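> need a 3D model of the following:
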Amino acid sequence: MNVVLIISDTFRRDHLGCYGNQWVHTPNLDRFAGEGMAFDRAYTGSFPTVPHRADIMTGRFTFTEFEWAPLPREAVVLSETLSKAGLTTFMVADTPHILQQGYNFQRGFDGFEWVRGQENDRWKTYPRDPALPCAPEKLRNPQTTVKQYLRNVHDRTREEDYFAPRTMRGAMNWLEENGRQGPFFLYVDTFDPHEPWDPPRHYTDLYDPGYEGEEVIYPAYAPCDYLSPAELKHVRALYAGEVTLVDAWVGRLLRRIDELGLRDSTAVIFTTDHGFCHGEHELMGKSIIREGFSAHVPMWEEIARIPLLVRVPACREGASDPSARPATSPRSPLPLGEGGVRVRAPGLAQGQRSEAIVQPADITATIYDLAGVEPPASVQGRSFLPIVRGKAKKLRDFAVSSGSIIHGPRARRWSTLTTPEWSFHYAGSELDQARPAVAATVDSVARYEKAELGGSGEPMLFHLTDDPAEKKNLYPRRRALAQKLLTQYVEFLRSLGTKEDYIASRHRLP
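Here you go, the predicted model:
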């Protein structure tokens with residue numbers, strides 16, 4: 001079976017109609033969800049952008065092993081394993097961090113296309129000093145990232161010139177040339193709707209028409225009181241416009257799959273790495289970044305809970321089990337009927353939903369399962385294909401979402417353990433402020449990490465059933481439950497083979 005994996009960076013789950021949103025236009029992804037399965041309890045694993053891709057490429061919870069860093073040479077990666085098994089593998093991506101500065105996430109693919117110019121990609125040098133769209137203090141990295149981005153996009157004239165359209169077009173072009181030459185794995189990675197948020201104006205006008213104020217396209221990661229109510233509304237409109245732009249062009253890619261006759265031989269997975277706070281918890285961003293410093297914040301539901309939409313062709317008649325291949329040449333994407341005509345397999349029941357807890361490493365295990373390739377022993381994820389096939393309902397008892405924990409007590413890195421009922425936010429039991437960590441945690445820029453910017457660091461416990469917005473911290477009253485969840489967290493870390501040095505400051509309540 002062919003597999004297409006689409007990752008759209010920083011795509012908030014609650015901005016999709018299929019997850020209950022009623023004001024953002026996402027007709028294509030909503031339709032796609034109705035053709036397959038929507039997972040209601042998918043959570044990120046390693047956080048943020050680069051660590052998440054490391055989870056996908058390795059099938060591991062890499063926050064226990066390394067941080068925002070190049071793909072380790074010794075890692076056994078999905079692309080290379082599938083290529084050796086005979087699939088044609090290709091990456092098309094505009095997310096710069098996984099390709100620039102030797103990060104090497106294209107490793108193992110038979111080919112790749114880097115759509116240049118997104119965010120801080122050092123691509124163009126003109127104009128030398130572009131005008132900022134708002135006061136610099138409202139922006140993150142205004143003189144570096146924002147100005148580089150403005151150079152990169154200064155000559156855009158049409159919607160097709162934007163990044164998500166260019167990336168999806170690259171994927172469509174590749175499918176036209178390669179879709180019929182045998183089983184394939186196509187990995188599509190677009191940075192949108194990650195900031196900078198500057199979609200074509202007609203998308204923003206869907207949500208905030210007539211706005212005439214400053215364009216805060218790349219807001220500073222900080223408490224959001226630096227934005228006026230009108231600016232905050234417009235920031236949300238800019239993001240919603242980016243979401244609708246992504247939806248429109250993912251829709252074109254999905255239609256091209258159908259037009260090329262690949263639908264019934266191709267599984268498609270759509271997901272993201274994490275979400276973003278637009279004023280929730282009084283925060284703009286997914287962490288706090290000040291000049292030269294940064295701080296982690298709890299992995300709130302807005303950040304950790306992610307969309308996961310999966311469309312898998314039905315089992316072909318005569319197959320003895322869901323992973324069995326049809327009795328045709330592996331070069332034939334559809335089974336042969338009378339007269340040699342390709343016949344469409346019956347589809348899955350439409351609009352399925354699952355409450356199973358799943359994480360990015362499980363996506364990797366599922367891709368191996370779909371491709372009929374034995375996963376390497378190093379993979380820690382579990383295939384959720386039996387859930388999609390209706391043969392199972394549960395995969396995990398809880399999810400663990402976390403920034404890298406390799407710095408021990410030097411940095412207050414939050415982890416979150418989430419069950420169907422509870423979220424438990426935990427930042428360790430110790431803190432050695434005399435030895436601050438230096439790490440590149442969000443944009444390949446190394447910064448000192450100051451724990452005090454992230455609050456007291458006391459654990460937090462929320463009852464998601466009654467308090468889905470995580471407003472009422474029950475930790476002071478439910479320490480026994482917190483201890484039980486912490487024990488599960490530590491046991492999980494040990495089950496992954498995490499070094500005891502990394503667990504040393506993360507095994508007891510403060």
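> what about the spatially closest residue to Tyr149 that is not a sequence neighbour, is that helix, strand or coil?
Leaving aside its chain neighbours, Tyr149 sits nearest to Pro196 (5.3 Å; criterion: C-beta to C-beta, 6 or more residues apart in numbering). Bear in mind the C-beta positions are built from the backbone N, C-alpha and C, glycine included. Put simply, Pro196 is coil when judged by DSSP: H, G, I helix; E, B strand; the rest coil.
> enumerate every residue touching Pro196.
Neighbour list for Pro196: 119, 146, 149, 217-218 [criterion: C-beta atoms under 8 Å, 6 or more residues apart in numbering].
> pretty sure Val442 contacts Thr49?
Yes - taking C-beta atoms under 8 Å as the definition, Val442 is a contact partner of Thr49 at 7.3 Å.
> do I have it right that Asp198 meets Val235?
No - between Asp198 and Val235 there is no contact under C-beta under 8 Å: 11.6 Å.
> the more surrounded of the two?
Val235 (24 against 20; other C-beta atoms under 10 Å).
> can you give me the strands for the stretch 301-450 of the chain?
Along the stretch 301-450 of the chain, the segments classed as strands by DSSP state E, counting those that start in this stretch run 305-306, 308-311, 352-358, 399-402, 415-418, 422-426, 438-439, 447-449.
> nearest to Ser83, of the ones you listed?
strand 308-311 (22.9 Å; C-beta to C-beta).
> what's the average pLDDT for the closest one?
Strand 308-311 shows a mean pLDDT of 98.
> go on, stretch 449-468?
Stretch 449-468 comes out at a mean pLDDT of 84.
> can you show me the CA trace of it as PDB?
Output in PDB follows, covering the C-alpha atoms of stretch 449-468 (Å, rounded to 0.1, in the frame of the first residue of the first chain):
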ATOM      1  CA  GLU A 449      16.700  28.900  29.700                       C
ATOM      2  CA  LYS A 450      15.400  30.700  32.800                       C
ATOM      3  CA  ALA A 451      13.000  28.600  34.800                       C
ATOM      4  CA  GLU A 452      11.600  31.600  36.700                       C
ATOM      5  CA  LEU A 453      10.000  32.900  33.500                       C
ATOM      6  CA  GLY A 454       7.800  29.800  33.500                       C
ATOM      7  CA  GLY A 455       6.200  30.200  36.900                       C
ATOM      8  CA  SER A 456       6.700  28.400  40.200                       C
ATOM      9  CA  GLY A 457       7.100  25.000  38.600                       C
ATOM     10  CA  GLU A 458       4.700  23.400  41.100                       C
ATOM     11  CA  PRO A 459       2.800  20.500  39.500                       C
ATOM     12  CA  MET A 460      -0.700  21.100  38.100                       C
ATOM     13  CA  LEU A 461      -3.600  18.600  37.900                       C
ATOM     14  CA  PHE A 462      -6.700  19.200  35.900                       C
ATOM     15  CA  HIS A 463      -9.900  17.200  35.600                       C
ATOM     16  CA  LEU A 464     -10.500  17.400  31.800                       C
ATOM     17  CA  THR A 465     -14.000  15.900  32.000                       C
ATOM     18  CA  ASP A 466     -15.200  18.900  34.000                       C
ATOM     19  CA  ASP A 467     -12.500  21.400  33.200                       C
ATOM     20  CA  PRO A 468     -11.400  21.000  29.600                       C
END
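> give me the mean pLDDT for stretch 179-197.
Average pLDDT, stretch 179-197: 96.
> and it, how far out from the chain's middle?
Taking C-alpha atoms, centre = their mean, to the nearest Å, one finds the center of stretch 179-197 at 12 Å from the center of the full chain.
> next one: stretch 243-263
With C-alpha atoms, centre = their mean, you get 19 Å for stretch 243-263.
> and the spatially most central residue of the chain, what element?
The residue lying closest to the centre of the chain (C-alpha atoms, centre = their mean) is Asp273, at 1.5 Å. Using DSSP states H and E, Asp273 is not contained in any helix or strand.
> pull the number of nearby residues for the residue lying closest to it once chain neighbours are set aside.
Excluding its sequence neighbours, the residue lying closest to Asp273 (C-beta to C-beta, 6+ apart) is His52, at 3.7 Å. Around His52 sit 25 other residues, with neighbours defined as other C-beta under 10 Å.
> who's in contact with His52?
Shown in contact with His52 (C-beta under 8 Å, 6+ apart): 44-46, 273-274, 360.
> tell me where the chain has helices.
Listed in chain order, the helices of the chain (DSSP state H) span 27-34, 49-58, 78-84, 147-152, 163-178, 201-204, 229-259, 301-304, 360-371, 385-388, 479-495, 500-503.
> which other helices and strands contact the longest one?
Based on contacts counted as 3 or more C-beta pairs under 8 Å, 6 or more residues apart in numbering; DSSP states H and E, the elements that helix 229-259 packs against are strand 2-8, helix 27-34, helix 163-178, helix 201-204, strand 266-271, strand 277-278.
> same list, the ones you listed, but as TSV with mean neighbour count and distance to Arg305 please.
Output for the helices and strands packed on helix 229-259, formatted as TSV (neighbours: other C-beta atoms under 10 Å; distance: least, C-beta to C-beta, whole Å):
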stretch	mean neighbour count	distance to Arg305
strand 2-8	24	15
helix 27-34	19	16
helix 163-178	20	22
helix 201-204	17	25
strand 266-271	23	12
strand 277-278	20	12
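> identify the contacts common to Val442 and Thr49.
Contacts common to Val442 and Thr49, judged by C-beta under 8 Å, 6+ apart, are Trp68.
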